[in-house]
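Novice: what would the 3D arrangement of this be:
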Amino acid sequence: MRRLVHLSDLHFGRARPELLDPLLAAIAGAAPDLVVVSGDLTQRARNRQFAEARRFLDRLDAPWLAIPGNHDIPLGNLASRLVDPFRRYRRWIDRDLEPRFVDAELAVVGINTVDPLAWQRGRIGRSATRRAATALAAAGLATRIVVVHHPFEHLPGEPKTLMKHAPRGIEALTRAGADIVLSGHLHAWRAEPAALRIGEARSLLIQAGTGLSTRLRGEENDFNLLTILPAAVTVERFTARADARSFRRGGAAEFLRTAEGWERRQPPGA
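Specialist: As a prediction, the model looks like this:
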């Protein structure tokens, strides 16, 4: 069994400072084996914002893995965005834009979906997909997890444009054996199997909202806690209390691996 905390869209520079210590305390209380941050650590990719994000990461007791989001490259400085968009991210967070974490039970593979030419939309290219597929193929019996910033699916009514090449990307990753895909970007929570099924293979798509940002878009600040077994995953959502003094468990969804792929387990009597 492994426990994984999934954070996204911290947006230092437009974060709620009163939530910082409660969030760190909640993560510590969850005792995760790994903390994953699926992009947008900063609001405008400024050095002081990256410095704040790095201080946050350094306060985590568990190992962590992060990937960039579209807010982690310059928006207003077009020359910097085109010539060296990830310079500050590499300086402050990680030189590797597609990091990996592997142990006996987990294989976590980051994919950088930021597109400097289409700042908000994002894209997933063939080469990035091939690199991730190769890493997933080498994972053995471990649970295979992919981390991206931009989701591969949107719910009806979502105003943002779906990531470029998303259908092709999720198909390739599903064929490569991706069990779970973690994402953010939309500041909205979601956990359900992907619409795409290939034989018995179907990835479980999990979105986190925003851990600290003031841009709530109708939802509370939150993070996910995944409890991962070989044939079952429980996703617990923790949300900030109204008094901003703590995060509380705001619900859970359990998924079982069946002959038809991931299926949500209905509670008794449902």
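Novice: all helices of the stretch 51-200 of the chain, in order?
Specialist: 78-83, 87-92, 126-137, 166-175 (DSSP state H, counting those that start in this stretch).
Novice: and the ones you listed as JSON lines, adding distance to residue 260?
Specialist: The way it works is simple: take the backbone N, C-alpha and C, and place the C-beta from them, glycine included. Formatted as JSON lines, the helices of the stretch 51-200 of the chain follow (distance: least, C-beta to C-beta, whole Å):
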{"stretch": "helix 78-83", "distance to residue 260": "44"}
{"stretch": "helix 87-92", "distance to residue 260": "40"}
{"stretch": "helix 126-137", "distance to residue 260": "21"}
{"stretch": "helix 166-175", "distance to residue 260": "14"}
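Novice: quick one: closest of those to residue 100.
Specialist: Closest to residue 100 of these, according to C-beta to C-beta: helix 126-137, at 6.0 Å.
Novice: where does pLDDT dip in the protein?
Specialist: 78-79, 266-270 (pLDDT under 70).
Novice: longest strand of it?
Specialist: Longest strand in the chain, counting residues (DSSP state E): strand 247-258.
Novice: and for that strand, what's in contact with it?
Specialist: Under the criterion C-beta atoms under 8 Å, 6 or more residues apart in numbering, residues 22-23, 26, 179, 191-193, 204, 220-223, 230-241, 262-265 lie in contact with strand 247-258.
Novice: filter those down to the buried ones.
Specialist: Neighbour counting by 16 or more other C-beta atoms under 10 Å classes 22-23, 26, 179, 191-193, 204, 220-223, 233-240, 262 among those as buried.
Novice: the residues you listed in strands, which ones?
Specialist: Checking those against DSSP E, those in strands are 191-193, 204, 222-223, 233-240, 262.
Novice: measure the nearest residue to residue 171 once chain neighbours are set aside to residue 127 for me?
Specialist: Leaving aside its sequence neighbours, residue 171 sits nearest to residue 196 (C-beta to C-beta, 6 or more residues apart in numbering; 6.2 Å). Residue 196 is 21 Å from residue 127, where distance means C-beta to C-beta, to the nearest Å.
Novice: the two: which has the busier surroundings?
Specialist: Taking other C-beta atoms under 10 Å, residue 196 and residue 127 do not tie; residue 196 has more neighbours (17 against 8).
Novice: show me the contacts for residue 73.
Specialist: Counting by C-beta under 8 Å, 6+ apart, residue 73 makes contact with 45, 81, 85, 86, 89, 114, 116, 119.
Novice: for those residues, give me JSON lines that also has neighbour count.
Specialist: Below are the contacts of residue 73 laid out as JSON lines (neighbours: other C-beta atoms under 10 Å):
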{"residue": "45", "neighbour count": "28"}
{"residue": "81", "neighbour count": "17"}
{"residue": "85", "neighbour count": "21"}
{"residue": "86", "neighbour count": "20"}
{"residue": "89", "neighbour count": "24"}
{"residue": "114", "neighbour count": "26"}
{"residue": "116", "neighbour count": "17"}
{"residue": "119", "neighbour count": "16"}
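Novice: need those in CSV (columns: distance to residue 146).
Specialist: Listed next are these as CSV, based on distance: C-beta to C-beta, whole Å:
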residue, distance to residue 146
45, 24
81, 25
85, 22
86, 20
89, 19
114, 15
116, 22
119, 22
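Novice: give the contact list for the nearest residue to residue 52 once chain neighbours are set aside.
Specialist: The shortest distance from residue 52 to any non-neighbouring residue, by C-beta to C-beta, 6+ apart, is to residue 12 (4.1 Å). Residues in contact with residue 12 (C-beta under 8 Å, 6+ apart) are 41, 42, 43, 49, 50, 52, 53, 56, 212.
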